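In: give the three-dimensional model of this entry:
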Amino acid sequence: MKFNEEILKEFKLEPKREPEPVRIMKIGEMLRFLKICAERIVKKSETFKKTKDVDVQMDCMDIVTAKLNDFVQVFKDLIIFMRKEEETYRGGQSLRYCINSYDTFDFPETEASELFLKELLLRNEITHDYFNREMHQKKLIWIMENCAEGALEVYDNVNQYCIEHHLTDKYDTGQGGRREDACN
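Out: Residues are numbered from 1 along each chain as shown. Here you go, the predicted structure:
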């Protein structure tokens, strides 16, 4: 017997497809997540510097690695959203584009925040290359020891901008997509 798709349709045997959940988040929620990431980066970096226990240091490195990855994702979405809101978005989605875009907002920058973003970009470029694992670990330790507090400064700048421009109650649909409200 030959399989016939008409039989499936006739008996309504087609599998039901679950709609994908809609990714919508308020900018205020994204900012809280960015802050949590920044605070964990700073806290675990401080713990790393204070302890001599290698297991604790390794745990701190694992946590900071995860939080740096989270920080990068939400940072990118927020910068893209901010650019779309002011209608200056040029279509870039890379971390490099978002850091360069961040620099054009004329936020007050300290050495720590400037170094943090620079090192974040360098780290991001080698993070997926397991051949450079040792260099990746050294870069992570350098960030933790020298500029982790820059993550909080970046958060403060982005947060202040969003508050001043009344963006915190707006919705983002992922990759910086805008939506005025979640009901549309």
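In: am I right that residue 139 is in contact with residue 121?
Out: No. Using Cβ atoms under 8 Å, residue 139 is not in contact with residue 121, being 10.7 Å away. Backbone N, C-alpha and C define where each C-beta goes, glycine included.
In: buried ones in the helix or strand hosting residue 142?
Out: In this structure, residue 142 sits in helix 133-146 according to DSSP states H and E. By 16 or more other Cβ atoms under 10 Å, the buried positions in helix 133-146 come out as 136, 139-141, 143-144.
In: do the same with stretch 96-111
Out: 97-99, 101-102, 109.
In: mind checking how far residue 102 is from residue 74?
Out: Going from residue 102 to residue 74 by Cβ to Cβ, to the nearest Å gives 13 Å.
In: go on, residue 91?
Out: Distance from residue 91 to residue 74, by Cβ to Cβ: 20 Å.
In: looking at the two, which one has more neighbours?
Out: residue 74 (22 against 7; other Cβ atoms under 10 Å).
In: which one is the more buried one nearest to, not counting chain neighbours?
Out: residue 34 (4.9 Å; Cβ to Cβ, 6 or more residues apart in numbering).
In: just want the most central residue of this protein.
Out: residue 73 (2.0 Å; Cα atoms, centre = their mean).
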